[in-house]
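# Sequence below, structure please.
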Amino acid sequence: MRELPETLTPSTLTVTAGRPAHEPDAPLNPPLTLASTYVAGGALEYGRYANPTWEAFEEVLGGLEGGRALAYASGLAAIATVLDLVPVGGIVVAPRHAYLGTVGQLADLTTSGRLGEARLVDIADTEAVRRAMPGAHLVLVESPTNPALEVADLPTLCAAGREAGAVVAVDNTFATPLLQRPLDAGADVVVHSATKFLAGHSDVVLGALVTAPTPRGDELSEELASRRRKIGAIPGPFETWLALRGMRTLHLRVERSCANAVTLAERLAAHPAVERVRYPGLASDPGHGRATAQMRAYGGIIAIELRGGAAAADALTRTTRLWVHATSLGGVESTFERRRRWATEVATIPDNLVRMSVGIEDVDDLWTDLSTALDQLVDRSG
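Purely as a prediction, here's the structure:
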């Protein structure tokens, strides 16, 4: 790969990292390498061990997060590999509100006896999380959480996790490395569903892990890479290439999505159909842990709770013309859904909560579409 200056801003890294050296007639983009078999004698050996397309993607993401990245077949494959670090009968501390796949894996592993205990906590209650740490082998953090958007005090929890002797892993899918870098806060591992903001175009399923540039992080990276090879949780080269291509505009997409989200969150907070807006840093929404002024534009995800309960939330998702009723998030288009429509969603998530993934469309077009649907809810209830 091309050698770059040591200090580059994230917006420059997204564009320049993971590219071939500048030589006459060399392509600007790394090629898509479709190979299961390599000629023996080199570093690659076999398609389950390595792929040049993976390496390009990993260089970009590792540079953004400040660590060493590994690509996986999906975000859940990455999470499963982290959970596999926990010894049989071990203890995991995790958010009570988290990605549904994470919660489901923890429940299955606990029921089967593979894990001794999964201690689910309010991740925004720092003292409660610290009280749950003694004896834990893994502290798994989401911040902001999915879909409740609670914010954790990452530096304090990472320090407490290290003191307890646990591996600290932080799911950074919602924030992306452009808004927070958990390794800088002391985490050992960062988790990504690259399906979401990193790839950004709703056409890829991919996951990733990034380990800290420390001796402990190096050991974890080797173990995680070994497990990726043995379990076979490897990404497809084409999906990885698409994700890499998507990451070239990550800084632009995140900037626009955040700006749109801030504007929409403020307008939603003033609408009579809306009971509560959850958006970290929004002045009218207390209870988000360590949300501060520096989190003013904290991501492209909003959650709202509607007056009128689940029926109103379902009606909203059926009434808009621009906003798309769909699960997943982080694409260029704006999507939303009532999370409790999923029978396995955590029972403490309100029935009337709608998770909104704010895209990069014109914010006034998005608001016109949304407010028209919300006005209809008020008219119906009026």
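
# give the contact list for the closest residue to G300 other than its chain neighbours.
Nearest residue to G300, sequence neighbours excluded (CB to CB, 6 or more residues apart in numbering): S257, at 3.2 Å. In this view, the C-beta of every residue, glycine as well, is placed from N, C-alpha and C. When contacts are counted by CB atoms under 8 Å, 6 or more residues apart in numbering, S257 touches 197, 299-300, 358-360.

# make it 6 Å
300, 358, 360 (CB atoms under 6 Å, 6 or more residues apart in numbering).

# Looking at those residues, which one is closest to A270?
Closest approach to A270 among the contacts of S257 (CB to CB): V358, at 17.1 Å.

# I figured the closest one was touching N260, is that so?
Yes. The pair V358 / N260 is scored as a contact, 4.8 Å apart, by CB atoms under 6 Å.

# returning to what we had before: the residue nearest to G300: helix or strand, and which one exactly?
helix 250-269 (DSSP states H and E).

# how would you label E333: helix, strand or coil?
coil (DSSP: H, G, I helix; E, B strand; the rest coil).

# quick check: domain ranges of this protein?
10-247, 250-381 (automatic domain parsing).

# closest one to E3 among those domains?
Closest approach to E3 among these is made by domain 10-247 (7.5 Å; CB to CB).

# ends of the closest one, how far apart?
Start and end residues of domain 10-247 are separated by 11 Å (CA to CA, to the nearest Å).

# before we move on, what about stretch 168-175?
OK, stretch 168-175 end separation, CA to CA: 17 Å.

# just stretch 231-243 next, same as before
Length of stretch 231-243, first residue to last, CA to CA: 22 Å.

# Stretch 109-127 too?
In stretch 109-127, first residue to last residue: 26 Å (CA to CA).

# all numbers from here: first residue = 18
In the new numbering, first residue 18, that becomes stretch 126-144.

# Show me what the helix or strand hosting E236 is packed up against.
When elements are assigned from DSSP H and E, E236 belongs to helix 232-248. Applying 3 or more CB pairs under 6 Å, 6 or more residues apart in numbering; DSSP states H and E, one finds that helix 232-248 contacts strand 85-89, strand 224-228.

# could you check the angle helix 267-286 makes with the helix or strand just after it?
As assigned by DSSP H and E, the chain's next helix or strand after helix 232-248 is helix 254-264. Angular relation of helix 254-264 and helix 267-286 on a 0 to 180 degree scale: 70 degrees, by axes from the mean of the first three to the mean of the last three CA atoms, to 10 degrees.

# By neighbour count, which bits of helix 254-264 are buried? Give me those.
Under the neighbour-count criterion of 16 or more other CB atoms under 10 Å, helix 254-264 has 254, 256-264 buried.

# of these, closest to W384?
Nearest to W384, judged by CB to CB, of these is G263 at 26.0 Å.

# Look up the pLDDT of that closest one for me, please.
pLDDT recorded at G263 is 98.

# Return the residues in contact with it.
Residues in contact with G263 (CB under 6 Å, 6+ apart) are 216-218.

# again, only this time at 10 Å
G263 makes contacts with 31, 74, 211, 214-221, 223, 270, 347-349, as judged by CB atoms under 10 Å, 6 or more residues apart in numbering.

# quick revisit: give me the contact list for the helix holding E236.
Helix 232-248 has contacts (CB under 10 Å, 6+ apart) with 63, 65-67, 71, 79, 84-90, 94-95, 97-99, 101-102, 179, 184, 186, 200, 204-206, 226-231, 250-252.

# let's see it at 6 Å
With contact meaning CB under 6 Å, 6+ apart, helix 232-248 is reached by 65-66, 85, 87, 98, 101, 205, 226, 228.

# try stretch 368-386
In contact with stretch 368-386 (CB under 6 Å, 6+ apart) are residues 164, 270, 273-274, 277-278, 280, 284, 317-323, 326-327, 330, 337-340, 346, 349-353, 355-357.

# List buried residues within the residues you listed.
The neighbour count (16+ other CB under 10 Å) marks 164, 270, 273-274, 277-278, 280, 284, 317-323, 330, 337, 339-340, 346, 351-353, 355-357 as buried among the contacts of stretch 368-386.

# returning to what we had before: tabulate the domains of the chain in CSV, adding columns for distance to E20.
Shown next, in CSV, are those (distance: least, CB to CB, whole Å):
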stretch, distance to E20
domain 27-264, 8
domain 267-398, 21
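
# With that, I have no additional questions.
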